[in-house]
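Colleague: sequence plus predicted model, see below.
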Amino acid sequence: MSIFEAELKNGRFVIPECPKCQKVIWPPNESCTQCFGNTVWRTVNDPGILVEYSSKDGKMFCIAEFENSIRIMGALYCDKTPIIGQKIKISSCGFDKSPKFTFTQE
Amino acid sequence: MNKVAVVGYSDTKFSSDDIPIESSMFAAVKLLFEQTPNLAQNDIDAVLTSTNDNKKYLSPIVSEMSGITPKISHNVENLCNSGTNATVSAFSYIASGLADVALVVGAERFDSPGQVLQWDDSRGEFKHPIFWASMFTKAHKRKFGTTDEHLAYVSAKNHRNALDNPTAYSPKKYTVEEIMNSKKLTDDLRLLDCSRPCTGSSAILLASEKTAKKFTDIPVLISGIGQKTTSASFTKNDLTSIESTRLAAHDAFLMSKTSPEKIDVAEIHDAFTICELMVLEDLGFTQKGKAGQFVLDLYNTNNKKINPRGGLIGAGHPLGATGIAQISEITRQLQGKSGKKQTENPKIGLVQNMSAAATSSTVLILES
């Protein structure tokens, strides 16, 4: 299990960053895609924005973007009709065979 | 660089049959030998297989089953565009002089492990292709006003074209209304918006220009190749444009010294209805946002220029065979041998094949 997956299993969404290139690496990797140096892990800056959404069987799923670079799919729970570009926050995350995220409107 | 031509082809019936992958490949090879004049086993320098099946050492196995002892033999896997990737490898062997004649055979089973890219954590728990296709569809609707009816015409056209394809998996005519009322999978996709995985195999024979006439009077030259991989993860995509296809097409048109308006017939990768619209736009066949009307016009005039064999939606999508079946069809078209599917006197054809949420694309230009 990778660091990303192990941290998610404990409910923490962490992302890798290269200290030398000052670049966030996404999808998550333990090496920098530019200099191949080791990355360090930190929590993501929440909230993100809603990029796109749809639904299946009445349950919404979406792409959320964080820090202008990290895009990830998750479930979306909304009280109001979602608006593209609106702020959304992570309400839960975990890992069970694959990453699991739920987002809510801020 | 030696010029390379397609000089033979075969396609088996696409089905739900539960048969071993090597048997499926062998069936296409056997058919290719039956259909290609003057072809003997010792003519073949290279055998490339194309599949996402987990079985190992398939190229040597299929070679041995077919009595071929090639110089070069290996498998190529790149999810849904494995077939065109294998073809580009075979092209390179011949162009460089390492081989003179190459056999490319692709196959897949209905239960292929290549249907979902488990590696892509950016998809979260939404790993099945219907989720990325729904994102593409919703974003295209939002930006360009594309409607469910526009999407339904893609499916109606390709299913209708598949009626004339004897190897198609879904040769059934559907009305636009039936498609728009088919089972709803997501808010943006219905069952008949989707291609379906199936069992099937296709093979092509490539030869250098100097050897090509031994096997056919009408060799079809591969005059342009473009390939581009922009990422492996879906979420890096622009949701309304397929950058990998746009860049691959640019290179293929440059190499072949041709342009979109000169293409007479094309097989493109309609894994979902939205893919056909986006690909038509990114190949430069029509302006961005105009592909819905473009397809409607094709449908209303019964024009088979795009996906004459029915595309993936009508013909089925046995992943490793798909790109090879596309090349097989365009070759037949340029030879004037496509039967009821035949378009009017085509001279230049195009194949577009892509994989993993459109993150990697291959574009080939073929000329008679």
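Modeller: Alright, I've got the coordinates. Residues are numbered from 1 along each chain as shown, chains lettered A, B, ... in the order given.

Colleague: distance check, the residue in chain A that chain B sits nearest to against A:Thr81.
Modeller: Closest contact between chain A and chain B, by Cβ to the nearest Cβ, is at A:Arg71 (3.6 Å). C-beta coordinates here come from the backbone N, C-alpha and C atoms, glycine included. Distance check for A:Arg71 against A:Thr81: by Cβ to Cβ, to the nearest Å, it reads 22 Å.

Colleague: do B:Ile222 as well
Modeller: Relative to A:Thr81, B:Ile222 is positioned 50 Å away (Cβ to Cβ).

Colleague: okay, and B:Ser89 sits in which element?
Modeller: helix B:82-96 (DSSP states H and E).

Colleague: helix or strand right after that helix?
Modeller: According to DSSP H and E, the helix or strand after helix B:82-96 is strand B:101-108.

Colleague: dump that next one to PDB, keeping only the CA atoms.
Modeller: Output of strand B:101-108 as PDB, limited to C-alpha atoms (Å, rounded to 0.1, in the frame of the first residue of the first chain):
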ATOM      1  CA  VAL B 101       6.400  -8.900 -44.000                       C
ATOM      2  CA  ALA B 102       4.600  -8.600 -40.600                       C
ATOM      3  CA  LEU B 103       1.400 -10.200 -39.300                       C
ATOM      4  CA  VAL B 104      -0.600  -8.300 -36.700                       C
ATOM      5  CA  VAL B 105      -3.300 -10.100 -34.900                       C
ATOM      6  CA  GLY B 106      -5.500  -8.700 -32.100                       C
ATOM      7  CA  ALA B 107      -8.100 -10.400 -29.900                       C
ATOM      8  CA  GLU B 108     -10.000  -9.900 -26.700                       C
END
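
Colleague: near chain B, which residues of chain A?
Modeller: Contact residues, chain A versus chain B (Cβ under 8 Å from any Cβ of the partner chain): A:4-5, A:26-28, A:51-56, A:61, A:63, A:71-75, A:84, A:98-101.

Colleague: wait, what's in contact with B:Ala266?
Modeller: By Cβ atoms under 8 Å, 6 or more residues apart in numbering or on different chains, the contact list for B:Ala266 reads B:Leu283, B:Phe285, B:Lys305, B:Ile306, B:Asn307, B:Ile330, B:Gly349, B:Leu350, B:Val351, B:Gln352.

Colleague: looking at strand pairing, list the partners for the fourth one.
Modeller: On the basis of DSSP bridges, B:Ile306 is bridged to B:Ala266.

Colleague: check contacts around the residue nearest to B:Thr235 when sequence neighbours are not counted.
Modeller: Leaving aside its sequence neighbours, B:Thr235 sits nearest to A:Arg71 (Cβ to Cβ, 6 or more residues apart in numbering or on different chains; 3.6 Å). Contacts for A:Arg71 (Cβ under 8 Å, 6+ apart) come out as A:Trp26, A:Val51, A:Ile63, A:Ala64, A:Glu65, B:Ser122, B:Thr235, B:Lys236.

Colleague: from these, which land in strands?
Modeller: A:Val51, A:Ile63, A:Ala64, A:Glu65 (DSSP state E).

Colleague: returning to that earlier point: now the buried members of the residues of chain A next to chain B.
Modeller: Those of the residues of chain A next to chain B that meet the buried threshold are A:4, A:26-28, A:51-56, A:61, A:63, A:71-75, A:98-101, by 16 or more other Cβ atoms under 10 Å in any protein chain shown.

Colleague: circling back to that earlier point, specify the beta-bridge partners of the residue nearest to B:Thr235.
Modeller: A:Glu65.

Colleague: neighbouring strands - and their directions - for the helix or strand containing B:Ser223?
Modeller: For B:Ser223, the host element (DSSP H and E) is strand B:220-229. Using DSSP bridges, strand B:220-229 pairs in its sheet with strand B:4-11 (antiparallel), strand B:360-367 (antiparallel).

Colleague: I'd like the contacts of A:Arg71 as CSV, with pLDDT and distance to B:Thr87 appended.
Modeller: Below are the contacts of A:Arg71 laid out as CSV (pLDDT from 0 to 100; distance: Cβ to Cβ, whole Å):
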residue, pLDDT, distance to B:Thr87
A:Trp26, 94, 32
A:Val51, 98, 35
A:Ile63, 98, 33
A:Ala64, 97, 38
A:Glu65, 97, 37
B:Ser122, 93, 29
B:Thr235, 88, 29
B:Lys236, 86, 26
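
Colleague: with distance to B:Asn52 added, can I get the residues you listed in a markdown table?
Modeller: Below are those laid out as a markdown table (distance: Cβ to Cβ, whole Å):
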| residue | distance to B:Asn52 |
| --- | --- |
| A:Trp26 | 26 |
| A:Val51 | 29 |
| A:Ile63 | 26 |
| A:Ala64 | 30 |
| A:Glu65 | 31 |
| B:Ser122 | 21 |
| B:Thr235 | 22 |
| B:Lys236 | 22 |
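
Colleague: please consider this matter closed, and thank you.
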